[in-house]
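1. Just the structure for this:
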Amino acid sequence: MKIVDKIEQDMFNAMKEKDADTVRALRMALSSIKYAAKEKRGELDELAIIAVLQKEVKIRQETIEEAKKGNRQDIIDENTRDIKILERYLPQPLSEAELDALVQKIIKETGAQSMKEMGKVMQVAVQEVNGRAPNNVISQSIRKFLAG
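-> Okay, the predicted model is just below:
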């Protein structure tokens, strides 16, 4: 089952159960996915949908950090609930060790030896990781091995 279909089905079930938090979080996620598809002028593949959901989680994490500064526990709680709901639709994240091992394998396969070849490694790594780590984390891992 596609991620979008699963989100829509879960939102429908949450409406039946009168679970307002889940309905709100899933509506926002669907809205972001549809907006991204409209910007792209076409359907999003699963990897692009995962990227949109990761972006939504990141936005909520940033909101939590700002709410901590303002001592707004209500906002912190709401965004923490949203993150837990959205994480159900994301693939199991790679550990740092797993990501580093994968990046080292890709560097060896591509024959990259300097930062100039980072783009080539990044392109392969994003496909291999398949949404199980954010692109900025992948990039940091590649830099660690190419710069060092």
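2. domain assignment for the chain?
-> For the chain, automatic domain parsing gives the domain ranges 3-87, 96-147.
3. Need those in CSV (columns: mean pLDDT and mean neighbour count).
-> All C-beta spots, glycine's among them, are computed from the backbone N, C-alpha and C. Compiled in CSV, those are given as follows (pLDDT from 0 to 100; neighbours: other CB atoms under 10 Å):
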stretch, mean pLDDT, mean neighbour count
domain 3-87, 92, 15
domain 96-147, 85, 16
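4. what's the helix ranked longest in the chain packed up against?
-> Counting by DSSP state H, the longest helix found in the chain is helix 46-69. Judged by 3 or more CB pairs under 8 Å, 6 or more residues apart in numbering; DSSP states H and E, the packing partners of helix 46-69 are helix 3-16, helix 20-40, helix 73-87.
5. can you list the residues that contact the helix or strand that the last one is followed by?
-> Proceeding N to C from helix 73-87, the next assigned helix or strand is helix 96-110, under DSSP states H and E. By CB atoms under 8 Å, 6 or more residues apart in numbering, the residues outside helix 96-110 that reach it are 94, 117, 120-121, 124-125, 128-129, 133, 137-138, 141-142, 144-146.
6. tell me the centre residue of this protein?
-> Residue closest to the average C-alpha location in the chain (CA atoms, centre = their mean): residue 54, at 2.1 Å.
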